[in-house]
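# Sequence first, then the predicted structure:
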Amino acid sequence: MSNTSIIEKTAVELSKSLISKELSATEIAQAYLDQIDRVDHQVHAFLHRDDEDFISQAKASDARRAEGKTLGPLDGIPVGIKDVISVKGQPLTAASKILKDYISPYDATVITKLKEAGAVIGGRLNLDEFAMGSSTENSAYGPTRNPWDFDRVPGGSSGGSSAAVAAREAPLTLGSDTGGSIRQPASLCGVVGVKPTYGMVSRYGLAAFASSLDQIGPLSQTVEDAALLLEIISGHDPLDSTSYPIKVPNYTSALETSLEPCTLGLPKEFFGDGMDDEVRKAIEQTIEFYKGLGHKIVEVSLPTTDLAVPVYYVIATAEASSNLARYDGIRYTSRSAASTNAIDVYAKSRGEGFGEEVKRRCILGTYGLSSGYYDAYYLKAQKTRTLIREDFSRVFKKVDVILTPTSPTPAFKFGEKSNDPISMYLSDIYNISTNLAGLPALSVPCGFTKGGLPIGMQLIGQAFEESSLLSIAHAYDREHRYGCKAPSI
Amino acid sequence: MSDSESTPMDIDYASNLARIELTEQEREKFQDQLGDVLKYFEKLKDVDVEGVEPTAHAFSRFNVWDQDVAKEPFSVNQSTQNAPQSRNDQIVVPKVLED
Amino acid sequence: MKFEAVIGLEVHVQLDTNSKMFTRVPCGFGHPPNSLTDAVILGLPGALPVMNREAIEKSIKVGLLLDCKIASTCKWDRKNYFYPDMPKNYQITQFDQPICEGGEVEIELPGDSPAVMGKHRMVKLTRIHLEEDVGKLTHFENDSLVDYNRAGSPLLEIVSEPDLYSPEEAFSFLTSLRNSLIYAGISSCDMEKGQLRCDANVSIRPVGTETLGTKVELKNLNTISGVKNGVEYEIKRQIKAIEEKEEIVQETRRWNPDQRYTIPMRSKEMAHDYRYFPEPDLMPVKIDQEWIDQIAKEIPEKPFEKQRRYMEEMNLPYSITSALCPDFQLCQYFEQVTALTQDPRKAGNWVVNDLLRELSHSNEESTPTPIEDSPLTPEHLAALIQLIEKGTVSNNVAKELFPEMFSSGKSALELVKEKGLEAQSDQGEIESICAQAIESDPDAAQKFKGGKEGAINALKGFVMKATRGQANPQVVDETLRQLLAQ
């Protein structure tokens, strides 16, 4: 089989090919390595690869299969890893200079689960430094390019994860989402991205950005593929006190059960100004499609939408400022050569090792927690957050799922937004309230602009209702499969 | 310092507290940029949160703990493998001045 | 102008658990450096804390022991500051909802003499909370080394109200607290191993006034005596400063135990803005009455309560109880002997006067043998006391035998038989020796017959000497009186 045919396959298709012995895991792995060699000098999704290890994992999978000891549907399938998730023996840079030499001595729980499932753990994928950003322009190791247009950003912070799938450098990747960092890049790159309910997927081994908002999730070509990966990585983890003790449903089989007619809500605050016309049109077509299937569409209101931005930034930066304090030049990070004593080793190492956006957010977060400001900022934000959650609870009494565009615009050009922090923040408005409320949400590609740029639609579900969320998404994705269209590079 | 509105951010205080040394350029740039972001934060001022509890955690749970059974620790090598400088299995830090 | 001191103490106690506070790496002292760590202890990217249930239970136990109010809900907060012994540069602690509030510690001030009980007073506590310990820094000429073995160990912080008024009271407070904690099996409280650490807040004010003066925090008080001495010095320093019209600066000062003074600590100069906020990675703790009641059953009798009981119910003198009560195991031993002999006074005397002596001298390493390792068991001591009662062995012989009983672990009876030391009770034998005694000292016999009781002692002495102390004293006494009555 040609490389192209291999890498065009979805993970589900690859899995079937492995079972039918049409393909071996080694062939699959090699096909992806060839593709990476072919395109990544332009895409720059990968920060680090251990090709030898990659192939040997694939070989081990083949050996298992030959002995009849296959570990499951994901056995032999490559999964790329956002460079914030710990893999033992692999670097973890978080796209920062401060961790440039760091090798992780342990596996994240999601990685342990992937290994137990026989997945082939792939290379380290680029991101905005410490997951702070929406364009991957904040990476200390150079940006990733959108495979649909190399002059444009892939989105962020999981830009490498989304670009790798779009560029067919991996069938599946893991990203992380704190304020849209899986969904927005998925939308901009024309792939599927899922942020689970907070607590569904263990955060143990995920370099923390905002502890109460972070979640790890899958990126893929199709909803089916995402469901497959999500099933494997979800589940209660005793090492993560915030992970929820709930039995993981079989998401894959949930997709096969026929969907009851449901009600989709359109929050009017998401459909106002600032939305690109072509995005609006694509969403309208999506709405029509769901109507055609017999589902009801209802207008709803989330009046606290506007408040989500300050609430998010106060809380996320506060938690980040504390979570990033450990990157200090002492135990495992780059230490400034200019430091002379134990006081300035911190300030100099962090000043040199952190990029601008990270520095901005740490300082902002520190300020928001500082004496005299805690009540007005952090505490007020956490209370307002409760109001945001209540908004969603109210809406979910009337609807099963909320439908919005994932991003108000398609991929923008490099440098277009990055010099204006407020503008960057605004593009988050569609995504951040879901993190604040801890709800599951996903992005499914739903069309292209005339210029050939992907457009994504977002579905937001009720807490722990990933099954219905995926089913509703699959109802659309099965018929359109926009994620299976690849850019020509 | 309870009236946060009219006082601009003391960037020197905040960056010192955050242990991040800024270049002069960064300092000026941040003063402006963060000043703009803070105006956004001021939106919170007018929100009525009378009787509203802060969201401490996404989902309310109590007593999430482990039994007191010791597990295998890292090897000494694992402990120090990423240290910029170590000696005698301990991590070297620049001189700490106590008094 | 006369001044009085007001002192508050902050005591940190390492809880004796198997694993650390927020990860299951073992706790320990004296291990090779950085051998008790993991991702959580080192604060590696992605590490997350998980509470240790036992540490919480032990904290509740301490709260009950010290009569605190146990919180029905308590939570965790981050205390943010940068220091090389802090792996995450924040410490997980309890800020506004600690596990215990209030409480008190009973202290005893020195009496007029060692045999007299001093005054007792209850010292109020503010709160008790749980947190994680930091690593250990060792300083060298040009740099410092960090060992994270201690980092993350569960630490209980016990804060007293500013309710101590002299260095002696501070000393008594720590001694009493320490004893209570050891009794309850919370910690071995060995200050040399850093299991118990203490900082003091010292201020002075004119006698008779209510307002507290500027307080100075003292650190590096590494022994209980060090606390007393450091506090004593600081009080004098502050008084002298005020007298010389100097202001007391609110600062942290370091006690130098060798040079015996306090100096300001530069590194602690800046008032810390700790930016406390609720720990998002940990869930709060709910403590119900059922759990509290279950733990309450394990609370032992407190040292001073035990002392009072010994004095009142067993009629033991203060000096014996003050030797026994600070040592929980010693009391266990004593109570076992008492149970077997029904004679607490004799048990008390033997334990305090003889057993303690043997325990302290016995080791080659010249450290005292712990009571648990005493080769002389409570059963053997009880048996010895009973042998004396019966008259099988005289008191003097018993005292002589004691060290050998200790070193050999043999019972008194065994040794007596081995050495042929049984008190002679052979009536005939004794009669003839008594007769000899009377013959040899007619003067004493005359005096006794004339009404002088004490004269019999010279005759007894003769008999004892003749029998090498082995004659049964009661029998000797009876026989002599019989003969003298003739």
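Cool, the structure landed. Because the structure is predicted, anything quoted here is derived from the model rather than measured. Numbering: from 1, shown residues only, chains lettered A, B, ... in the order given.
# can you tell me the distance between the two ends of stretch B:63-78?
31 Å (Cα to Cα, to the nearest Å).
# Tell me how far it lies from the chain's centre.
Counting by Cα atoms, centre = their mean, to the nearest Å, stretch B:63-78 is centred 25 Å from the centre of its parent chain.
# what does that stretch contact?
Residues from elsewhere that reach stretch B:63-78, judged by Cβ atoms under 8 Å, 6 or more residues apart in numbering or on different chains: A:105, A:238, A:241, B:89, C:17-19, C:24-27, C:32-39, C:41-42, C:50-56, C:282-283, C:285-286. (Each C-beta comes from the backbone N, C-alpha and C, glycine too.)
# Those, buried ones only, as a PyMOL selection?
Per 16 or more other Cβ atoms under 10 Å in any protein chain shown, the buried members of these correspond to this PyMOL selection:
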select buried, (chain A and resi 105+241) or (chain C and resi 17+19+24+25+26+27+33+34+35+36+37+38+39+41+42+50+51+52+54+55+56+282+283+285)
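# Narrow the contacts of stretch B:63-78 to those in strands?
Mapping these onto strands (DSSP state E) picks out C:Met51, C:Asn52, C:Val285, C:Lys286.
# Turn the residues you listed into TSV, columns for distance to chain B.
Output for the ones in strands among the contacts of stretch B:63-78, formatted as TSV (distance: Cβ to the nearest Cβ, whole Å):
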residue	distance to chain B
C:Met51	4
C:Asn52	5
C:Val285	6
C:Lys286	4
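# among these, which two are most distant?
The most widely separated members of those, counting by Cβ to Cβ, are C:Asn52 and C:Lys286 (16.3 Å).
# got the ones in strands among the contacts of stretch B:63-78 as JSON lines, with pLDDT columns?
Output for the ones in strands among the contacts of stretch B:63-78, formatted as JSON lines (pLDDT from 0 to 100):
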{"residue": "C:Met51", "pLDDT": "97"}
{"residue": "C:Asn52", "pLDDT": "98"}
{"residue": "C:Val285", "pLDDT": "97"}
{"residue": "C:Lys286", "pLDDT": "97"}
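# Return the member of those residues nearest to C:His361.
C:Asn52 (40.9 Å).
# Kindly provide the distance from A:Lys291 to A:Leu403.
From A:Lys291 over to A:Leu403 the distance is 11 Å, taken as Cβ to Cβ, to the nearest Å.
# So for these two, which residues contact both of them?
Both A:Lys291 and A:Leu403 are contacted by A:Ile297, under the criterion Cβ under 8 Å, 6+ apart.
# more crowded one of these two?
Between A:Lys291 and A:Leu403, A:Leu403 has the larger neighbour count (other Cβ atoms under 10 Å in any protein chain shown), namely 22 against 12.
# So what pairs up with the more buried one in the strands?
With DSSP bridges as the criterion, A:Leu403 is bridged to A:Leu459.
# so where's the chain shaky on pLDDT?
Going with chain A. Applying pLDDT under 70 to chain A flags residues A:418-426.
# nope, chain C please
Along chain C, the model assigns pLDDT under 70 to residues C:266-271, C:362-366, C:421-427.
# how about the residues of it near chain A?
Residues of chain C lying close to chain A by Cβ under 8 Å from any Cβ of the partner chain are C:38-39, C:42-51, C:78, C:80, C:82, C:84, C:87-90, C:144, C:146, C:267, C:273, C:275-277, C:280-283.
# Make a PyMOL selection of the buried ones in these.
Under the burial definition 16+ other Cβ under 10 Å, those of the residues of chain C next to chain A that qualify are selected in PyMOL by:
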select buried, chain C and resi 38+39+42+43+44+45+46+47+48+49+50+51+78+80+82+84+87+88+89+90+144+146+273+275+276+277+280+281+282+283
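# Now name the helix or strand holding the closest residue to C:Leu36 other than its chain neighbours.
Spatial nearest neighbour of C:Leu36, excluding adjacent residues (Cβ to Cβ, 6 or more residues apart in numbering or on different chains): C:Asn149 at 4.4 Å. Using DSSP states H and E, C:Asn149 falls within no helix or strand.
# Could you check how far C:Asn149 is from C:Asn34?
Shown here: C:Asn149 relative to C:Asn34, a distance of 7 Å by Cβ to Cβ.
# and the helix ranked longest in chain B, what other elements does it pack with?
In chain B, taking DSSP state H as the definition, the longest helix is helix B:24-41. Identification of packing neighbours for helix B:24-41 by 3 or more Cβ pairs under 8 Å, 6 or more residues apart in numbering or on different chains; DSSP states H and E yields helix A:308-323, helix A:356-369, helix A:421-426, helix B:11-17.
# where's the second one relative to the chain centroid, distance-wise?
Helix A:356-369 sits 23 Å away from the centroid of its parent chain (Cα atoms, centre = their mean).
# residues of that helix that come out buried?
Neighbour-count burial for helix A:356-369, counted by 16+ other Cβ under 10 Å, picks out A:356-369.
# So which elements touch the helix or strand that it is followed by?
Following helix A:356-369 in sequence order, the next helix or strand is helix A:380-395 (DSSP H and E). With contacts taken as 3+ Cβ pairs under 8 Å, 6+ apart, helix A:380-395 sits against helix A:308-323, helix A:432-437.
# After the first one, which helix or strand is next?
Stepping forward along the backbone from helix A:308-323, the first helix or strand reached (DSSP H and E) is helix A:344-353.
# again, but for the last one
From helix A:432-437 onward toward the C-terminus, using DSSP H and E, the following helix or strand is strand A:441-448.
# who's in contact with that following strand?
With contact meaning Cβ under 8 Å, 6+ apart, strand A:441-448 is reached by A:182-184, A:186-187, A:190-195, A:223, A:226, A:278, A:281-283, A:285-286, A:406, A:431, A:434, A:454-461, A:469-470, A:473, A:476-477, A:480, A:482-483.
# tell me the centre residue of chain B?
Centroid check for chain B by Cα atoms, centre = their mean gives B:Ala18 as the closest residue, at 6.7 Å.
# Excluding chain neighbours, give the residue nearest to that residue in space.
A:Thr366 (4.0 Å).
# Chain B contacts on the stretch 51-200 of chain A?
Applying Cβ under 8 Å from any Cβ, we find that the stretch 51-200 of chain A lies next to chain B at A:Asp101, A:Tyr102, A:Ile103, A:Pro105, A:Tyr198, A:Gly199.
# residues in contact with the first one?
Applying Cβ under 8 Å, 6+ apart, we find A:Asp101 in contact with A:Pro91, A:Ser334, B:Asn82.
# for the stretch 101-250 of chain A, what spans make up the strands?
Remark: strands assigned in the stretch 101-250 of chain A by DSSP state E, counting those that start in this stretch are A:120-125, A:172-177, A:192-195, A:215-220.
# Format the ones you listed as CSV; extra columns: distance to A:Leu14.
Converted to CSV, the strands of the stretch 101-250 of chain A look like this (distance: least, Cβ to Cβ, whole Å):
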stretch, distance to A:Leu14
strand A:120-125, 11
strand A:172-177, 9
strand A:192-195, 16
strand A:215-220, 11
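# and A:Ile330, which of those strands is closest to it?
Comparing these by Cβ to Cβ, strand A:120-125 comes nearest, at 23.7 Å.
# now the closest one, how far from the centre of its chain.
The chain centroid and the centroid of strand A:120-125 are separated by 15 Å under Cα atoms, centre = their mean.
# List the strands paired with that strand, with their directions.
Taking DSSP bridges as the criterion, strand A:120-125 sits next to strand A:46-48 (antiparallel), strand A:78-82 (parallel) in its sheet.
# got the buried residues for it?
A:Val120, A:Ile121, A:Gly122, A:Gly123, A:Arg124, A:Leu125.
# now stretch C:187-200
Neighbour-count burial for stretch C:187-200 flags C:Ser187, C:Cys189, C:Met191, C:Gln195, C:Leu196, C:Arg197, C:Cys198, C:Asp199, C:Ala200 (criterion: 16+ other Cβ under 10 Å).
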